[in-house]
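Enquirer: here is my input, please return the structure:
(one chain, ligands or ions: 1)
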Amino acid sequence: MWKDSSGIIQVGQSYRDRHKVPAPPVLMTLDTNTLPVRMHESQRRQEEWEARYRGGLTAWDRGAVSPALEHWLASGDLTPCRILAPACGHGHEVLVLARRGFSVTAVDISPSALKALDWALSEGGLSAEVLEADLLQWTPAQPFDAIYEQTALCALVPDTWVDYAARLHTWLKPGGRLYALFMQTGQPDGPPFHCDLDEMRRLFPDTDWIWPKTAPLEVPHPTGL
Ligand SMILES: C[S@@+](CC[C@H](N)C(=O)[O-])C[C@H]1O[C@@H](n2cnc3c(N)ncnc32)[C@H](O)[C@@H]1O
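Expert: Residues are numbered from 1 along each chain as shown. A predicted model of the protein is given here:
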C-alpha cells in the first residue's frame, strides 16, 4: 500500500531576498534557442498525462476528497482564503474547497481532467478559476495565501523538483502555507516518483520554509499508476 505523508510548511524568509532574485523585468526577451525545446517538453508532458486520463489510467484518483484535506478543514488549520490547487486532476478537493467558501485556482496540464472538473463545478453550482497550464512554465498574476499540493510533486520528474519547489515559494505570499501531500511509493521509477521525507526536507529547507513541529500525517493511498 502506498501512502502520502502530509504536512503544512510555512513560507519563511522571502525566497527572492535570500537568493537575491531580481524583480521580473518589464520587457521579456525570448530565448529562441531554448524556447522550442521547452515547448516541446511541455507538449510531451501534456500528451502523456492526457493519454492517462483518456485511457482511464488514473489509479491515483480516490474518487473522493483526501482524508488529509478533511483533517485540515476539521482541525481549523485551513480556513477560507485564496488558495491554489496545482495539478488538481479531477479536483475532488477543489470542489470541497469551493463549497467551503475558498477562492480556488485549480491548475492542471490535462484538458480532460479539467473538463471533468468544470462539469462537476457547474453541476454543484460552484465556482473556481480552472486553468490549463504546465506548472513548470506557469506564473500566477498574484501570490496565494495557501497552496494545497496533493501529489503534484511526485508527478514531475525529479530533475525539475528544485525548480518546482522554488516556484511554490514564489507563488505564496510571505507567511503563506503549503499544505503538502508527498507520495511515498518506495519504487525507484515513476511517475509517481517516491518523495522521501528526508529529501523533501532538503528540497524545502529551513532557510526558506518553516516546517511543523508535529509528525506528518500519514494517509494510505489506494494505488499508483
Ligand atoms: C498523481 S496525479 C494527482 C492529481 C490530483 N492532485 C489527485 O490527487 O487526484 C498528477 C496530476 O498532475 C498533473 N500534471 C502532471 N504534470 C503537470 C505539469 N507539468 N503541470 C500541470 N499539471 C501536471 C497530471 O495531469 C495529473 O492530474
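
Enquirer: the protein: strands as residue ranges?
Expert: According to DSSP state E, the chain carries its strands in the segments 2-11, 82-86, 103-108, 129-132, 144-150, 172-184, 209-210, 217-221.

Enquirer: worst average pLDDT in these?
Expert: Least confidently modelled of the strands of the chain is strand 2-11, at a mean of 66 by mean pLDDT.

Enquirer: how about a markdown table for the strands of the chain, with distance to G76 added?
Expert: All C-beta atoms are positioned from the backbone trio N, CA, C, and that covers glycine. Putting these into a markdown table (distance: least, C-beta to C-beta, whole Å) gives the following:
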| stretch | distance to G76 |
| --- | --- |
| strand 2-11 | 12 |
| strand 82-86 | 15 |
| strand 103-108 | 18 |
| strand 129-132 | 25 |
| strand 144-150 | 13 |
| strand 172-184 | 13 |
| strand 209-210 | 19 |
| strand 217-221 | 15 |
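
Enquirer: which bits of this structure sit near the ligand?
Expert: Those residues of the chain that sit near the ligand, judged by C-beta under 6 Å from any ligand atom, are 45, 49, 60-61, 87-89, 107-110, 113, 134-136, 150-152, 155-156, 192.

Enquirer: quick one: stretch 127-146 to chain centroid distance?
Expert: 10 Å (C-alpha atoms, centre = their mean, to the nearest Å).

Enquirer: on that earlier part again, who wins for proximity to Y164 among the strands of the chain?
Expert: Closest of the strands of the chain to Y164 is strand 82-86, at 8.8 Å (criterion: C-beta to C-beta).

Enquirer: residues contacting stretch 137-152, please?
Expert: Among residues not part of stretch 137-152, those counted as contacts by C-beta atoms under 8 Å, 6 or more residues apart in numbering are 4, 38, 42, 60, 66, 68-69, 78, 81-88, 93, 97, 105, 107, 131, 135, 164, 168, 170-173, 176-183, 192, 221.

Enquirer: quote the end-to-end distance of it.
Expert: Taking C-alpha to C-alpha, to the nearest Å, stretch 137-152 runs 14 Å from one end to the other.

Enquirer: one step back: could I get the strands of the chain as TSV with mean neighbour count and distance to M200?
Expert: As requested, those are arranged in TSV below (neighbours: other C-beta atoms under 10 Å; distance: least, C-beta to C-beta, whole Å):
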stretch	mean neighbour count	distance to M200
strand 2-11	20	8
strand 82-86	24	16
strand 103-108	24	21
strand 129-132	16	26
strand 144-150	24	11
strand 172-184	20	5
strand 209-210	19	10
strand 217-221	16	14
